[in-house]
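Chemist: everything below, folded, please.
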Amino acid sequence: MDAFAALGEPRRREILRLVSAAELSVGEIARRFEVTRPAISQHLRVLKEAGLVTERRNGTKRLYRARPETIAELRAYLEAFWDDSLRSLKAAAEQEEQQRRTRHGRRHESH
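Modeler: Numbers count the residues shown, from 1 in each chain. Prediction:
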C-alpha cells in the first residue's frame with residue numbers, strides 16, 4: 001500500500017505520530033483511542049505494509065515504531081512538491097503584477 005494512501009486515514013496519522021515519539025505496543029496505542037485493539041492492529045498492519053512503521057517482538061508483545069527513513073523520504077517529497085507549488089505561485093503572482101503594471105501604464109498614456 002502506498003504511504004500517502006495509508007496516511008489518508010486520520011487515526012493512522014495519529015498512530016504514526018505516537019510511534020514516532022516512542023516504541024509502543026498495540027495495547028499502549030489502543031488505550032489512546034476509543035476503538036478496539038483489533039482495529040488498532042489493522043491500522044498498524046496498513047502502516048507496516050506501507051513501510052511507515054516497523055514491528056519488533058519482545059516476548060508476547062509486538063512493539064511498533066515509526067521508520068524515520070520513510071518519514072524523511074515523505075517529507076522530502078512533500079517539501080519538493082511544496083517548493084514547486086510556491087515557485088509556480090510566485091511566477092503567477094509576478095506575471096499578474098506585470099500585467100497590472102502594463103494595464104496601469106496604458107491608462108496613464110491615454111489621458
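
Chemist: show me what the top helix by length along the chain is packed up against.
Modeler: Criterion DSSP state H: the longest helix present in the chain is helix 68-109. The contact analysis (3 or more CB pairs under 8 Å, 6 or more residues apart in numbering; DSSP states H and E) places helix 68-109 against helix 3-6, helix 10-21. Heads up, the C-betas are built off the backbone N, CA and C, glycines and all.

Chemist: what about that helix, distance to the chain center?
Modeler: Mean-position distance between helix 68-109 and its chain equals 21 Å (CA atoms, centre = their mean, to the nearest Å).

Chemist: which residue is the nearest non-sequential neighbour of residue 25?
Modeler: residue 61 (4.9 Å; CB to CB, 6 or more residues apart in numbering).

Chemist: any idea how far residue 27 is from that neighbour?
Modeler: Counting by CB to CB, to the nearest Å, the gap from residue 61 to residue 27 is 8 Å.

Chemist: residue 102 too?
Modeler: Taking CB to CB, one finds residue 102 at 66 Å from residue 27.

Chemist: what about the closest residue in space to residue 51 that isn't next to it in sequence, distance to residue 101?
Modeler: Spatial nearest neighbour of residue 51, chain neighbours left out: residue 70 (4.9 Å); criterion: CB to CB, 6+ apart. According to CB to CB, residue 70 stands 47 Å off from residue 101.

Chemist: neighbour count for those two, which is higher?
Modeler: Per other CB atoms under 10 Å, whichever of residue 70 and residue 101 has more neighbours is residue 70, with 17 against 10.

Chemist: by mean pLDDT, which helix or strand of the chain comes out lowest?
Modeler: Using mean pLDDT, DSSP states H and E, helix 68-109 stands out as the lowest-scoring helix or strand of the chain, at a mean of 79.

Chemist: tell me the angle of it relative to helix 10-21?
Modeler: 120 degrees (axes from the mean of the first three to the mean of the last three CA atoms, to 10 degrees).
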